[in-house]
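1. predicted coordinates and the sequence they were generated for:
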Amino acid sequence: MTTHHPADQLLRRYEQGDEDIAADQLWAVESHLETCAPCRARLSPAPVAEAVWAELAPLLDRTPQMPRARPWLRLRGWISPAAGPWLAMILLVTAAAVALDRVGVVVGDRVSLVLLIAPVLPVLGVAASWGRALDPAYELAASTPRAGLPLVFRRTAAVLAVVVPGLAVSSLLTGVEFAQWLLPCLAFTVGTLALGAFVGVTRAAVVLIAAWAVVIVAPTVAFSRTATALGPAAAPFWVALLGVGLVVLAARRMAFTRLEVNR
């Protein structure tokens, strides 16, 4: 070795893994390389990589490999395992509402039960997909690199992909117009996430479902007539609420990266 840097010959021997290098020289070279970037740059990565690969290749051949994931298993990234039973329950509730409507159980002037429950049904699935109270894996979900608004949108889209087709079929069977429930449905779903960014998704779901029951369902049952909010004239109102919810979500998008939002 020279006074300051390892000689080229010694550095090449170290690079090639020469086991005959004296212990004190080996220690000196390694200590020097830790603090000397120019000498680290003198090392050629190819021999080192080849030596490492030569040792790993036989081990990899004997190591059992994980099977390739089936395409349908990739859907697990789109939906929480805890949401499965809730989505099944939502579809059963929808089917029950259709069955009651078909046998003549309606509210007032032919207000279908499907129309009364459709706007808030996705809220239950969203709460189960992103809520501490309903998802036992909330800490894992919120601490992953993919956590945040993109993951929230993924899980919300998965819920809507299950609930909306079910409601569409129920509309065809009961004669309820799509526009009567689709806009309120989307507005409530986005509103749950927007309010959830402040108080937690589960709490937001409870608040909005309670508000829907008090403001819409109770008067409809009490006065036996369709609420104005369920009529065609209310469409601009629901569009405005949907827009406000999206703006709030954009402003509070970082809230979903913190554990306290999963309440």
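-> Looks like it arrived, so ask away.

2. low-confidence ranges, this protein, go.
-> Scanning the chain for pLDDT under 70 picks out the ranges 1-3, 44-53, 60, 63-83, 104-110, 131-147, 258-263.

3. so which residue is smack in the middle of this structure?
-> residue 151 (2.9 Å; CA atoms, centre = their mean).

4. list the buried residues in the helix or strand hosting it.
-> According to DSSP states H and E, residue 151 maps onto helix 149-174. Within helix 149-174, the residues scored as buried using 16 or more other CB atoms under 10 Å are 149, 151-152, 155-156, 158-160, 162-164, 166-167, 170-171, 174. All C-beta spots, glycine's among them, are computed from the backbone N, C-alpha and C.

5. same question for stretch 26-46.
-> Buried, per 16+ other CB under 10 Å, within stretch 26-46: 29, 32, 33, 39.

6. got the contact list for the second one?
-> Yep, that's residue 32 we're talking about. Residue 32 is in contact with 5, 6, 39, counting by CB atoms under 8 Å, 6 or more residues apart in numbering.

7. got the residues you listed as TSV, with secondary structure and distance to residue 229 columns?
-> Converted to TSV, those look like this (DSSP: H, G, I helix; E, B strand; the rest coil; distance: CB to CB, whole Å):
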residue	secondary structure	distance to residue 229
5	coil	80
6	coil	80
39	helix	74
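
8. quick one: which of these is nearest to residue 25?
-> residue 6 (8.5 Å; CB to CB).

9. and the closest one, how many neighbours?
-> 21 (other CB atoms under 10 Å).

10. for residue 14, see how far away it is.
-> Shown here: residue 6 relative to residue 14, a distance of 7 Å by CB to CB, to the nearest Å.

11. returning to what we had before: now intersect the buried residues of stretch 26-46 with the helices, please.
-> The members of the buried residues of stretch 26-46 that map onto helices under DSSP state H are 29, 32, 33, 39.

12. just checking, the last one touches residue 10?
-> No. Under the criterion of CB atoms under 8 Å, residue 39 is not in contact with residue 10, lying 10.8 Å apart.

13. gap between the helix holding residue 151 and the chain center?
-> 15 Å (CA atoms, centre = their mean, to the nearest Å).

14. now do it: which elements does it pack against?
-> helix 83-102, helix 113-117, helix 121-129, helix 178-199 (3 or more CB pairs under 8 Å, 6 or more residues apart in numbering; DSSP states H and E).

15. related to what we said a few turns ago, hmm, the residue nearest to the centre of the chain is touching residue 256, no?
-> Yes. Using CB under 8 Å, residue 151 makes contact with residue 256 at a distance of 7.4 Å.

16. thinking again about what came up before, buried deepest among the helices and strands packed on helix 149-174, which one?
-> Highest mean neighbour count among these (mean count of other CB atoms under 10 Å): helix 121-129, with a mean of 26.

17. tell me how many other residues surround the closest residue to residue 36 other than its chain neighbours.
-> In space, and not counting its chain neighbours, residue 36 is closest to residue 5: 6.8 Å by CB to CB, 6 or more residues apart in numbering. Other residues near residue 5 come to 16 when the count uses other CB under 10 Å.

18. thinking residue 5 is in contact with residue 39, fair?
-> Yes. Look at residue 5 against residue 39 with CB under 8 Å: they come within range, at 5.6 Å.

19. where's residue 27 relative to residue 113, distance?
-> 80 Å.

20. equivalent analysis for residue 158, please.
-> 25 Å.

21. repeat that for residue 37.
-> With CB to CB as the criterion, residue 37 and residue 113 are 73 Å apart.

22. then residue 206?
-> 21 Å.
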